[in-house]
Structure formats: C-alpha cells, structure tokens
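Peer 1: When you get a sec, could you give me coordinates for this:
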Amino acid sequence: MVELSNDDIKCIAEFESITGAAVKDCLITDKAVAFIVAEGQLGKAIGKKGANITRVRQRFARQVLIFEDSSDMQQFIRNLFGQIPIKSINVHEKLDSSTVFVTVDEKDRGSAIGRNGDRIKLARALLQRRFGCDLRLVSR
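Peer 2: As a prediction, this is how the structure comes out:
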C-alpha cells in the first residue's frame, strides 16, 4: 500500500470533484500529475469531448496524465503505454525482486520513452508503486 502525502490527497480530491471519477493513486512530479482511475472510469475522467481533462489541466497548470487501473499487471502496463503497441511483456522474478521487460517495435521506442525520458520514468514509478516491479524497455 502506498502512503499518500497531503498534496496527493488534495490533488485526488480536486480531481474527483471536477471529474466524478474514482482515483486509486496519484503521482506528482515536477512536470506532470498522473492519476490512476478505477477500472471503467477513464471515459468519465476525460469527459465528453475532453471537457473534464481540460478543466483539470487548467486547474493544475501542468501536464495531467490519466491511466486506467487494472488488477492484472500486463493490462496495467498496456494501459500505461496507451496507444503504443507492445509486442510482449515478460516478467523475470528473482529472490527479492521482479523485473518486467516490455518489448516495443524500434519505430515506437521514442514514443515509449517520451521527451527527456519522462514517459518511461513515470511508467516505472507507477509500476513500482502498484506492483513492486522494475520496468525495462526493450526494442526490436
């Protein structure tokens, strides 16, 4: 279970009041705020024609990312990468840790990493918080 700070709790409350979507987790970085919403609530969080996400972005004055939660780790990873096609997801377990290797096509590698590595750093942090696994990106 992840402990939330007061700032996290305030952001979650603000997001839920604007969108009406249930938030499972929130991660605040220097450049963005990422929300994990309950399964089936991504559409509600975005709103009709993106109205809710627009209001949330104006309220937080920074990039806002929304991902749908899943109890299945592979589906959660697919949700983190959104429209980027994932070739395979392999989990390697050691005695005290797990590493997930996500394989993407070489042409999608830049999108998966994101500008200055922001997308992959965020995905790593969220996967670590949710499932306690490390994430490695492989391209072929």
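
Peer 1: Residue 55 against residue 18, yeah?
Peer 2: Yes: Residue 55 sits in contact with residue 18 when judged by Cβ atoms under 8 Å, with a separation of 5.3 Å. C-beta coordinates here come from the backbone N, C-alpha and C atoms, glycine included.

Peer 1: Compare the two and say which is more crowded by neighbours.
Peer 2: residue 18 (19 against 15; other Cβ atoms under 10 Å).

Peer 1: Need phi/psi at the more buried one.
Peer 2: As for residue 18, its main-chain torsions (degrees, to the nearest 10) stand at phi -80, psi -40.

Peer 1: cool, residue 106 as well?
Peer 2: phi -50, psi -40.

Peer 1: Buried residues in stretch 26-46, which are they?
Peer 2: 26-28, 33-37, 41, 45-46 (16 or more other Cβ atoms under 10 Å).

Peer 1: Out of those, list just those in helices.
Peer 2: Those of the buried residues of stretch 26-46 mapping onto helices are 45-46, per DSSP state H.

Peer 1: For the residue of the chain most remote from its centre, give me the pLDDT.
Peer 2: Here the centre of the chain is the reference, and by Cα atoms, centre = their mean the most remote residue is residue 95, at 26.5 Å. For residue 95, the pLDDT comes out at 79.
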